[in-house]
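> below is the structure, and that's it, no one-letter string:
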């Protein structure tokens, strides 16, 4: 039987069989607050110092172990550096010192785990060529190698004495004071605490022990702060710099240049395969169909089918030639960017005036500039409603500048799929820029700027300074 406030499982609480509710108000739902997230565990001494239970955890021991091993390692490194320095200057030169810096850097990155729980990756890159000589040349050219050598010199001269002093003051002195009663009990009559304070009675010994305990607690915090600073210095010198550092940027630029070269090589291969393979077969097919038409009875169904097939083959051949021209125009390969832009203007659907004076430029730059100009002219013919356009191209101060202007309706937006976004990405690979100024009502101005080296005088060939083309019918 159901108790008060209970409802049968097969009947809703507000159904008709329940009758009218009298004097009953719905009970508000109780909001259960979400459980508070547990604070993240400290990863460095500086973070550990902000916790109340710092003294009860493992961090004081971690700090003591890090500074103690640092003092011991620094003493060994100082001796090794003296020996290697003599050998390097007298006998074999700098490589032993560089190798010692590399070895110490690897040891310090592992020792850093005592007080810094974040990973400490190796800053060195893999050499491109095999062999010991290539490895040495690569390491000698890396900034990380010289930072490790500088850290080794710093550890051998400055850091290990500081570590030893910090451990002696922060832990050694308090421990000696705490051990005063033990020293007095061992001697029986007196004990000389820390070689300076003479204790002759147990009250004095226990007072020294209490003082030592208080100092041990009080000095644990500055000792941890020093260890945190020491670890931060080691991380700054022995781990990779920010990915946006000049070395990383240079690597990205070099990889982008290699991608551009690979893209251009693949483009040339496709153009060559189409030109020497598919195009030649289509030419042979067209000629075979023409010979077959001559053998077929004139006016018959077979002759008509052969004529249609020959016309289709001729149309495919024309389209293939246009495709090959779009991949790598012969005029661009033979004469350079200037004549290629003039040729593109001559084939434009909108009359174009050209003012082009360019020398021969690096192949990726010419290719990017040509396709930017062709895409701009195609957009003018399709979308702008312009009556005329103009192309200006110059190479000045080591920069290729191409401007395409039209008198159309304006309001061009590259985000609407005009093909300029892909061109802008391709130009950006060459460290260039593509900008569009297109207010509503026009005019529209597309400007391309690509930095490229100044070519030699013997390779320069200029196009006519001005030319005009008429639109196609």
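Cool, got the structure. Keep in mind that what you see is a predicted model, and the values were worked out from it rather than measured.
> is it fair to say residue 403 lies in a strand?
Yes. Judged by DSSP: H, G, I helix; E, B strand; the rest coil, residue 403 forms part of a strand.
> so how far is residue 436 from it?
11 Å (Cβ to Cβ, to the nearest Å). All C-beta atoms are positioned from the backbone trio N, CA, C, and that covers glycine.
> which neighbours do those two have in common?
Taking Cβ atoms under 8 Å, 6 or more residues apart in numbering as the criterion, residue 403 and residue 436 both touch 445-447.
> for those residues, which one is nearest residue 289?
Residue 289 has its nearest neighbour among the shared contacts of residue 403 and residue 436 in residue 446, at 44.1 Å by Cβ to Cβ.
> check contacts around that closest one.
Contacts of residue 446 (Cβ under 8 Å, 6+ apart): 372, 376, 403-405, 420, 434-436.
> next, it: secondary structure please.
strand.
> so what's residue 395 closest to, chain neighbours aside?
The shortest distance from residue 395 to any non-neighbouring residue, by Cβ to Cβ, 6 or more residues apart in numbering, is to residue 358 (5.5 Å).
> for residue 191, phi and psi?
Taking degrees, to the nearest 10, you get phi -140, psi 140 for the backbone angles of residue 191.
> pLDDT weak spots in the stretch 201-350 of the chain?
Scanning the stretch 201-350 of the chain for pLDDT under 70 picks out 242-268, 271-276, 279, 319-328.
> all the helices of the stretch 1-150 of the chain, residue numbers only.
45-48, 59-87, 95-111, 132-140, 143-154 (DSSP state H, counting those that start in this stretch).
> and those helices, which is most packed in?
When these are scored by mean count of other Cβ atoms under 10 Å, the highest mean neighbour count falls to helix 45-48 (a mean of 21).
> and residue 297, that one's in a helix?
No. Judged by three-state DSSP, residue 297 forms no part of a helix; its state is coil.
> tally of neighbours for the residue lying closest to it once chain neighbours are set aside?
By the measure of Cβ to Cβ, 6+ apart, the closest residue to residue 297 outside its immediate chain neighbours is residue 303, 6.4 Å from it. Neighbours of residue 303 under the rule other Cβ atoms under 10 Å: 16.
> doesn't residue 292 make contact with residue 303?
No. Using Cβ atoms under 8 Å, residue 303 is not in contact with residue 292, being 9.0 Å away.
> circling back to that earlier point, residue 120 is nearest to which of the helices of the stretch 1-150 of the chain?
Nearest to residue 120, of those and by Cβ to Cβ, is helix 95-111 at 4.3 Å.
> what sits up against the closest one?
Under Cβ under 8 Å, 6+ apart, the answer for helix 95-111 is 66, 69-70, 73, 77, 80-81, 84-85, 87-88, 120, 122, 124, 136, 139-140, 144-146, 148-152, 155, 234, 238-239.
> strands of the stretch 101-250 of the chain, start to end?
With strands called from DSSP state E, counting those that start in this stretch, the stretch 101-250 of the chain shows them at 191-193, 197-199.
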